[in-house]
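>>> Coordinates only, no sequence provided:
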Ligand code: GLC
Ligand code: CA
């Protein structure tokens, strides 16, 4: 299979149209506004935009309750605007991924309305029904504390319907071949309009067996191959990036042993253990998570991230570890959510501490995989904990010190921008940070630029180097005769750390510091010692020669 593996060395940026930029002044972000900000995104150096759902929706779950898969919600624009947008992205060499939310529809979708109204309708079997209340109706809720059940009685149908998520999100019967065909049709539609693939929502649930008789859902992994094949028949280099928070021993089921299933998956295992390392300065569990998720075909790729639009899910940590993260980053019950996570943004979790933010982002950019940046994190945006559930971390982008942070000209926007305090738009915004060469935004731009010049991280094989300290993580990447070593100090104290670089690629043992002038030199046995600042980090290229020169020798 010959494909363009563009996603391997990509930098993904995720945003919702509704909270990014409002062009027509009605208080809601739109495609026209987003288009005006594409030069900003291109300047930041990102290569791929991931759009959260923008299709028509009652918006009771931030658009993850779709009522028409083949349209744009009029609040955000039209299909015409959408194609202008993908065109404008292509002009700038930016790719677009969109959310594919097909585990469930909105209860306002015409299919569900038809299904509940008419037992003879072909749509009845597109959903999952039961005449009696299933015994396990209380099991498997995804939003504990908010969602009570996974089955709800529908008066119109006089039956119970299954919903893995909220009750207004009836699950599609994904085993039904007609539903499967429709799902492919949805992918085909958006591919025609210029997207390069999909972030597929809730994949383990999409492929699980569903129904009142199902005691323990079984994943039908082969469906993933069907999705991928269809996509690549239509568009050779299109991809699927899976949201699948699963245990490492099932990763290969999602990627496929030969990489024949999904190209990308978010690495939730590494994400949770990253936060544990940030909270405790103990890098042991993170190293284990990295090794446990190492196996994958050459074409497969992890998506690595810090925060996303949902809560920081810590459900896979040991209870003691989870308590450590809660204590450090979300001690207040109001900061926690669904009995397993933290709903804050990154900057407030790290107390706005620039050194820690840099450590966290430098680490994310150098973990094996493709980095996924959350909009606003590049300027250190905060959260509004007065908003319910996950809404607190989905406030409008802060562009300037103009009213409403320059997000809208409307006097009362639907989503309110954060104002006042350390994270208000008056202090945290793009315009001010742009003018300051030392701002987080400009630091991020430089880091992203360098990250794209270090393809070893995306393409190469990695090894965790033995270090003299548990609070320092050192990873070495090798690719095409080039090597890079990235070192991160998780501790608030400065330290001297010793590590073995390993075999040098060239004839010299120089460690070229890619971010500053302070280079290093390993001894004859490949050992090196470096003094790291509190939360300090280094990116070294081993061997000293310009990697471009060396690459051309291969
Ligand atoms: C995914 C989304 C989340 C949404 C849920 C239901 O987990 O990330 O935001 O609520 O699916 O669609
Ligand atoms: Ca608007």
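That came through, no problem. Predicted model only: the values in this text are computed from it and were never measured. Ligands and ions are numbered 1, 2, ... in the order given.
>>> check contacts around the closest residue to ligand 2 within the stretch 101-250 of the chain.
Residue nearest to ligand 2 within the stretch 101-250 of the chain: residue 193 (20.4 Å; CB to the ion). In short, each C-beta sits where N, CA and C put it, glycine included. Residue 193 is in contact with 79, 82, 83, 86, counting by CB atoms under 8 Å, 6 or more residues apart in numbering.
>>> Go through stretch 403-418 and flag the buried ones.
For stretch 403-418, the buried set under the neighbour-count rule, 16 or more other CB atoms under 10 Å, comprises 404, 405, 406, 407, 408, 413, 414, 415, 416, 417, 418.
>>> is any part of that stretch close to ligand 2?
No: shown here: stretch 403-418 not in contact with ligand 2 (CB under 5 Å from the ion), separated by at least 7.2 Å.
>>> distance between that stretch and the chain's centre?
26 Å (CA atoms, centre = their mean, to the nearest Å).
>>> contacting residues around it?
Against stretch 403-418 from outside (CB under 8 Å, 6+ apart): 18-22, 25-29, 381-384, 394-400, 419, 424-425, 428-429, 431.
>>> Could you give the average pLDDT over stretch 395-415?
Taken as a whole, stretch 395-415 carries a mean pLDDT of 97.
>>> i'd like the first residue to be 52 from this point on
I'll keep to 52 as the first residue from here, and by that count the last item is stretch 446-466.
>>> Can you get me the start-to-end distance on it?
6 Å (CA to CA, to the nearest Å).
>>> Could you report the separation of the closest residue to residue 442 other than its chain neighbours from residue 152?
Once flanking residues are discounted, residue 442 sits nearest to residue 113: 7.5 Å by CB to CB, 6 or more residues apart in numbering. Applying CB to CB, to the nearest Å, the value for residue 113 to residue 152 is 11 Å.
>>> do the same with residue 446
Taken as CB to CB, the span from residue 446 to residue 152 is 22 Å.
>>> Which one of these two is surrounded by more residues?
A count of neighbours by other CB atoms under 10 Å puts residue 152 above the other of residue 446 and residue 152, at 28 against 24.
>>> That one: what's it in contact with?
104, 115, 117, 252, 253.
>>> got a list of what the nearest residue to it once chain neighbours are set aside touches?
Leaving out its chain neighbours, the residue that sits closest to residue 152 by CB to CB, 6+ apart is residue 252, at 4.4 Å. If you count contacts by CB under 8 Å, 6+ apart, residue 252 has them with 115, 150, 151, 152, 153, 154, 294.
>>> now, which of those residues sits nearest ligand 1?
residue 115 (3.3 Å; CB to the nearest ligand atom).
>>> Next up, phi/psi of the closest one, please.
phi -80, psi 20 (degrees, to the nearest 10).
>>> if we can go back for a sec, identify the contacts common to residue 113 and residue 152.
Both residue 113 and residue 152 are contacted by residue 104, under the criterion CB under 8 Å, 6+ apart.
>>> separation between residue 279 and ligand 1?
Per CB to the nearest ligand atom, to the nearest Å, residue 279 is found 20 Å from ligand 1.
>>> pLDDT (mean, whole number) over the helix or strand containing that residue?
Assessed by DSSP states H and E, residue 279 sits inside helix 273-285. Here helix 273-285 scores 97 as its mean pLDDT.
>>> Bridging across strands, which residues link to residue 563?
residue 592 (DSSP bridges).
>>> Who wins on neighbours among the contacts of residue 152?
Going by other CB under 10 Å, residue 117 tops the contacts of residue 152 with 28 neighbours.
>>> show me what contacts that residue?
Residue 117 sits in contact with 104, 106, 107, 108, 152, 156, 157, 160, where contact means CB under 8 Å, 6+ apart.
>>> okay, the residues you listed in CSV with secondary structure, distance to residue 523 and pLDDT next?
Converted to CSV, the contacts of residue 117 look like this (DSSP: H, G, I helix; E, B strand; the rest coil; distance: CB to CB, whole Å; pLDDT from 0 to 100):
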residue, secondary structure, distance to residue 523, pLDDT
104, coil, 40, 98
106, coil, 46, 99
107, coil, 50, 99
108, coil, 46, 98
152, coil, 41, 98
156, coil, 48, 98
157, coil, 48, 98
160, coil, 51, 98
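>>> Please list only the buried members of those.
104, 106, 107, 108, 152, 156, 157, 160.
>>> mind putting those in JSON lines, distance to residue 232 included?
As requested, the buried ones among the contacts of residue 117 are exported to JSON lines (distance: CB to CB, whole Å):
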{"residue": "104", "distance to residue 232": "21"}
{"residue": "106", "distance to residue 232": "19"}
{"residue": "107", "distance to residue 232": "21"}
{"residue": "108", "distance to residue 232": "23"}
{"residue": "152", "distance to residue 232": "17"}
{"residue": "156", "distance to residue 232": "16"}
{"residue": "157", "distance to residue 232": "20"}
{"residue": "160", "distance to residue 232": "17"}
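>>> quick one: buried residues of the helix ranked longest in the chain?
Longest helix in the chain by number of residues, with DSSP state H as the criterion: helix 228-243. Buried residues in helix 228-243, defined by neighbour count with 16+ other CB under 10 Å: 230, 231, 233, 234, 235, 237, 238, 241, 242.
>>> give the contact list for the residue in the stretch 402-551 of the chain that ligand 1 sits nearest to.
Closest approach between the stretch 402-551 of the chain and ligand 1, counting by CB to the nearest ligand atom: residue 441, at 6.7 Å. Counting by CB under 8 Å, 6+ apart, residue 441 touches 113, 360, 361, 362, 388, 394.
>>> Over to the nearest residue to the third one once chain neighbours are set aside. Which of the three states is it?
Spatial nearest neighbour of residue 361, excluding adjacent residues (CB to CB, 6+ apart): residue 441 at 5.6 Å. For residue 441, the assignment made with DSSP: H, G, I helix; E, B strand; the rest coil gives helix.
>>> Could you check the pLDDT of residue 441?
For residue 441, the predicted pLDDT is 98.
>>> what do you get for residue 251?
Looking at residue 251, the pLDDT reads 98.
>>> same check, this time on the one 10 residues further on
Residue 261 is assigned a predicted lDDT (pLDDT) of 97.
>>> residues contacting it?
By CB under 8 Å, 6+ apart, the neighbours of residue 261 are 179, 213, 222, 224, 225, 226, 268.
>>> okay, among those, which ones form the most distant pair?
224 and 268 (13.1 Å; CB to CB).
>>> who has more neighbours, the two?
Shown here are residue 224 and residue 268; by other CB under 10 Å, residue 224 has more neighbours (20 against 15).
>>> and the nearest residue to the more buried one once chain neighbours are set aside, what does it touch?
Nearest non-adjacent residue to residue 224, counting by CB to CB, 6+ apart: residue 179, 5.1 Å away. Shown in contact with residue 179 (CB under 8 Å, 6+ apart): 212, 213, 221, 222, 223, 224, 261, 262.
>>> Pairing partners for the second one in the sheet, please.
Meaning residue 213. residue 202.
>>> That one: neighbouring residues, count only.
24.
>>> Against residue 202, how distant is it?
Taking CB to CB, one finds residue 213 at 6 Å from residue 202.
>>> same question, residue 588
The spacing between residue 588 and residue 202, counted by CB to CB, is 49 Å.
>>> for residue 442, same thing?
For residue 442, the distance to residue 202 - CB to CB - is 26 Å.
>>> same deal with residue 374?
33 Å.
>>> cool, and residue 245?
Counting by CB to CB - residue 245 and residue 202 are separated by 39 Å.
>>> between those two, which one's more packed in?
residue 202 (23 against 18).
>>> dump the residue contacts of the more buried one.
181, 184, 185, 188, 211, 212, 213, 214, 263.
>>> Need the buried ones from the residues you listed selected in PyMOL.
Entered in PyMOL, the line below selects the buried ones among those, by 16+ other CB under 10 Å:
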select buried, resi 181+185+188+211+212+213+214+263
